[in-house]
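K.L.:
Provide a 3D model corresponding to the input given below.
(4 chains)
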2 protein chains.
Amino acid sequence: MSEIQQVRKGSTSLLILSVLLEGPSHGYAIMRKLEERSNGYFKMTAALLYPTLHQMEQEHLIESVWENAVGQRRKKIYTITPKGKEHLTKGNTEWKRFFDQLFNVMDYSAEAKKVQ
Amino acid sequence: MSEIQQVRKGSTSLLILSVLLEGPSHGYAIMRKLEERSNGYFKMTAALLYPTLHQMEQEHLIESVWENAVGQRRKKIYTITPKGKEHLTKGNTEWKRFFDQLFNVMDYSAEAKKVQ
DNA sequence: TGATATATATAAGAATATGATATATAATTA
DNA sequence: TAATTATATATCATATTCTTATATATATCA
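P.N.:
Take a look at the predicted model:
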């Protein structure tokens, strides 16, 4: 597996919650919005999306209702819960801390190398 | 698993390479340096460190020699290879891109929410 | 002598991601 | 009209990475 694919692990639920913060949406639309907003960087696949959505629903981070409109494929509409909003805020903070520490260590080493 | 533990996935090899960029070191010392430089944030465990080191050696990112000094426990000294240095540079860039895109999506959503 | 720090290592299991496959409808194009 | 593409949800087998627990062994300090 490439480095960047490993990196992406664990970000899925946070990205989904980010999209749902704007308003209710269904699986396929979430996938498309993520790709669109990152200019194709986040290429979410169905095999990752749907199991993640199911798990997030079990954890009460999101809720769903089926929409059965005539002349359209049926869709499962997901909404972010208050617990989901908390999770997103907390996750955002934790990611920022993690990146700070990661680049702290990497920059420290790069600086030490220059001095040699 | 907590969000932050998921986040950490895939960063291990990059952190190890960062430490080795400064100079050769052995497993236990790498573990301690990482904890020290991140003020305790990165708590690397032996069970994660040693298998990762073995794998990285197989991928030729690092090389090792046994050191058998008298009056000391024997140590396996690891050195970063040219391939490892490339890997670190590339990984650093990829992490930065990932970070940019992640917060791009998250901030976009937070802004859209404010406007509602 | 016992506790702690140093030092390397593996096994079992959990969590997350990928590639492949399945099913089905709506809209578009040839 | 037929074929293709886009929409829409879902699972399975497999791979990868991480955690908890366990094992072994030496040096140092109280």
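K.L.:
Where does pLDDT dip in chain A?
P.N.:
For chain A, the stretches flagged by pLDDT under 70 are A:1-10, A:113, A:115-116.
K.L.:
In it, what residue comes closest to DNA strand C?
P.N.:
DNA strand C sits closest to A:Ala47 of chain A, with a gap of 2.7 Å, by C-beta to the nearest atom of the strand. C-beta here means a position set from N, CA and C on the backbone, and glycine is covered the same way.
K.L.:
How about the backbone phi and psi for that residue?
P.N.:
When read as degrees, to the nearest 10, the backbone of A:Ala47 gives phi -70, psi -20.
K.L.:
Around A:Arg97, how many other residues sit close by?
P.N.:
By other C-beta atoms under 10 Å in any protein chain shown, 13 other residues sit near A:Arg97.
K.L.:
Any figure for the gap between it and A:Trp66?
P.N.:
39 Å (C-beta to C-beta, to the nearest Å).
K.L.:
so where does the most centrally placed residue in chain A fall, helix or strand?
P.N.:
With distances taken as C-alpha atoms, centre = their mean, A:Leu15 lies nearest the centre of chain A, 1.9 Å away. Counting by DSSP states H and E, the element that carries A:Leu15 is helix A:12-21.
K.L.:
so how far is that helix off the chain centroid?
P.N.:
Centre-to-centre, helix A:12-21 and its host chain are 4 Å apart (C-alpha atoms, centre = their mean, to the nearest Å).
K.L.:
do the next helix or strand after it and chain B meet?
P.N.:
Counting by DSSP H and E, the next helix or strand C-terminal to helix A:12-21 is strand A:25-26. No. On the criterion C-beta under 8 Å from any C-beta of the partner chain, strand A:25-26 is out of touch with chain B, staying 11.2 Å away.
K.L.:
Show me what strand A:25-26 is packed up against.
P.N.:
For strand A:25-26, the elements it packs on are strand A:75-80, judged by 3 or more C-beta pairs under 8 Å, 6 or more residues apart in numbering or on different chains; DSSP states H and E.
K.L.:
got the angle for the strand it packs on vs helix A:12-21?
P.N.:
90 degrees (axes from the mean of the first three to the mean of the last three C-alpha atoms, to 10 degrees).
K.L.:
can you give me the helices for chain A?
P.N.:
Assigned by DSSP state H, the helices in chain A fall at A:3-7, A:12-21, A:27-37, A:46-58, A:82-115.
K.L.:
B:Pro51: which of these is closest?
P.N.:
B:Pro51 lies closest to helix A:3-7 among these, at 14.6 Å (C-beta to C-beta).
K.L.:
related to what we said a few turns ago, what would the helices of chain A look like in JSON lines with distance to B:Lys83?
P.N.:
JSON lines is the format used below for the helices of chain A (distance: least, C-beta to C-beta, whole Å):
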{"stretch": "helix A:3-7", "distance to B:Lys83": "13"}
{"stretch": "helix A:12-21", "distance to B:Lys83": "30"}
{"stretch": "helix A:27-37", "distance to B:Lys83": "32"}
{"stretch": "helix A:46-58", "distance to B:Lys83": "30"}
{"stretch": "helix A:82-115", "distance to B:Lys83": "17"}
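K.L.:
highest average neighbour count across the ones you listed?
P.N.:
helix A:12-21 (a mean of 23; mean count of other C-beta atoms under 10 Å in any protein chain shown).
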